[in-house]
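Engineer: Let me see the structure of the following:
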Amino acid sequence: MGIFIKGFNYIMDIFFKMTWLNDLSGFIVQKILKLDLTSQIGGSVQFFLFDTIKIFILLTILIYGISYIQSYFPPERTKKLLGNMKGIKGRVVGALLGTITPFCSCSSIPIFIGFTASGLPLGTTFSFLISSPLVDLGSFLLLMSFFGFKIAFIYVLVGLVLAVVGGSIIDRLNLETQVEDYVREMPNVDGELETMTKRKRHEFSKEQVKEIFKKVWPYVIIGVGIGALIHNWIPQELIENLIGNNNKFAVLISTILGMPMYADIFGTIPIAEALFSKGVGIGTILSFMMAVTALSLPSIIMLSKVVKAKLLTIFILIVGIGIIIIGYFFNFFGYMFI
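Structural biologist: Sure thing, here's the model as predicted:
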């Protein structure tokens with residue numbers, strides 16, 4: 001058992017935490033750039049170098065791997081799979097399928113439209129829509145690389161629970177009439193399922209890396225920049241007063257702050273890491289991340305073109321309240337996972 005734990009910790013240090021890269025970035029800052037790591041400028045440059053390179057390495061590997069898995073689950077196959085499942089089973093599977101789909105809510109909405117147009121239950125499609133940006137495999141592995149396995153696992157677990165519960169509530173409310181008419185009237189055309197060869201799967205994965213990389217790299221740079229600013233320039237007292245553990249409304253504030261933003265998990269991780277280093281509660285941090293990825297203003301605007309105001313409001317309330325509950329849960333019990 002001891003050998004297994006040592007092996008696991010070694011893999012975590014080398015491939016996820018990338019301690020070697022932290023040492024390398026420190027060497028570059030100190031020996032090549034001649035900056036003091038303990039200074040604000042030196043610390044900021046080291047943070048920026050380490051996090052940017054680390055995220056880009058993980059980004060490339062994760063997108064390629066997840067896209068390869070995703071090639072086995074094209075929308076047509078997924079629709080057929082979900083079409084045979086009703087009730088809670090359909091919502092659970094819908095939430096689980098969200099873990100192997102695109103990396104942000106704006107990318108998930110077109111798939112949600114296709115699922116809804118094909119006649120899948122609204123609860124199932126919303127379980128998918130909630131889980132997709134929140135708990136994809138990339139989120140899990142990235143969180144694990146920064147915060148460890150326990151926090152990453154619990155985050156994914158509560159995210160899936162939120163997706164299933166949210167889909168169940170929407171299903172119970174019988175809101176099918178709250179979907180825009182053009183969505184229901186769309187022709188349900190199922191294309192033939194193409195059996196991809198191994199070579200085609202690799203080509204598909206490489207193309208996905210290129211496409212997603214082009215979309216997310218600016219948010220990574222911005223996110224790392226904000227993280228470096230928080231980590232080295234903003235006084236800890238200011239952050240503690242605003243969203244520290246002594247502020248009872250910290251989770252609510254972080255959720256509200258996250259909603260107008262637009263980024264994916266790759267852009268929010270550096271900010272989360274910097275806030276964590278300043279002593280902000282893990283629940284407050286996760287609430288911010290969830291709000292950015294699941295309730296960003298651009299995704300809400302896109303969704304408003306698909307569903308009517310009543311259903312959109314209910315969706316925002318369910319996900320928003322769920323995020324706040326999860327945030328307070330982690331703040332109260334987070335010490336058990338760190």
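Engineer: contacts, neighbours, all on C-alpha from now
Structural biologist: OK.
Engineer: Report pLDDT for Tyr335.
Structural biologist: What the model reports as pLDDT for Tyr335 is 68.
Engineer: brain fart, Gly166
Structural biologist: Looking at Gly166, its pLDDT is 93.
Engineer: Find the nearest non-adjacent residue to it, please.
Structural biologist: Ile318 (6.1 Å; Cα to Cα, 6 or more residues apart in numbering).
Engineer: buried residues in stretch 231-241?
Structural biologist: Neighbour-count burial for stretch 231-241 flags 231-232, 236, 240 (criterion: 16 or more other Cα atoms under 10 Å).
Engineer: How far off centre is that stretch?
Structural biologist: 25 Å (Cα atoms, centre = their mean, to the nearest Å).
Engineer: re the thing from before, in terms of helices and strands, where is the residue nearest to Gly166?
Structural biologist: Using DSSP states H and E, Ile318 falls within helix 309-333.
Engineer: List the buried residues for that helix?
Structural biologist: 311-312, 314-315, 318-320, 322-328, 330-331.
Engineer: Pull the residues that contact that helix.
Structural biologist: Here helix 309-333 makes contact (Cα atoms under 8 Å, 6 or more residues apart in numbering) with 130, 158, 162, 166, 170, 175, 178-179, 245, 251-252, 255, 281-287, 290-291, 294-295, 300, 303-304.
Engineer: any low-confidence regions in the stretch 101-250 of the chain?
Structural biologist: Along the stretch 101-250 of the chain, the parts satisfying pLDDT under 70 run over 101-107, 186-195.
Engineer: Let me see the contact set for the closest residue to Gly227 other than its chain neighbours.
Structural biologist: Residue nearest to Gly227 in three dimensions, not counting chain neighbours: Ile271, with 4.2 Å by Cα to Cα, 6+ apart. Residues in contact with Ile271 (Cα under 8 Å, 6+ apart) are 223-224, 226-227, 230.
Engineer: what's the neighbour count on Leu122?
Structural biologist: Residues near Leu122, counting by other Cα atoms under 10 Å, number 22.
Engineer: Pull the number of nearby residues for the residue lying closest to it once chain neighbours are set aside.
Structural biologist: In this structure, Leu122 finds its nearest non-sequential neighbour in Asp171, 6.0 Å apart by Cα to Cα, 6+ apart. Neighbour count for Asp171, taken as other Cα under 10 Å: 21.
Engineer: pretty sure Asp171 is in contact with Leu120, am I right?
Structural biologist: No. Between Asp171 and Leu120 there is no contact under Cα atoms under 8 Å: 11.2 Å.
Engineer: wait, which of the buried residues of stretch 231-241 is closest to Glu211?
Structural biologist: Closest approach to Glu211 among the buried residues of stretch 231-241 (Cα to Cα): His231, at 30.6 Å.
Engineer: which element is the nearest residue to the closest one once chain neighbours are set aside on?
Structural biologist: Of all residues not flanking His231 in the chain, Ala274 sits nearest, at 4.9 Å (Cα to Cα, 6+ apart). For Ala274, the element it lies in under DSSP H and E is helix 265-277.
Engineer: Can you tell me what sits against the helix or strand following that helix?
Structural biologist: Downstream of helix 265-277, the next assigned helix or strand under DSSP H and E is helix 282-294. With Cα under 8 Å, 6+ apart as the test, helix 282-294 has contacts from 104-105, 130, 133-134, 155, 243, 250-251, 254-265, 268-269, 272, 275-276, 319-320, 323-324, 326-331, 334.
Engineer: before we move on, what about stretch 228-240?
Structural biologist: The contact list for stretch 228-240, computed with Cα under 8 Å, 6+ apart, reads 40-41, 43-45, 47-48, 246-247, 271, 274-275, 277-280.
Engineer: confidence score at the residue nearest to Gly166?
Structural biologist: pLDDT, Ile318: 92.
Engineer: Could you do Ile32 as well?
Structural biologist: pLDDT, Ile32: 92.
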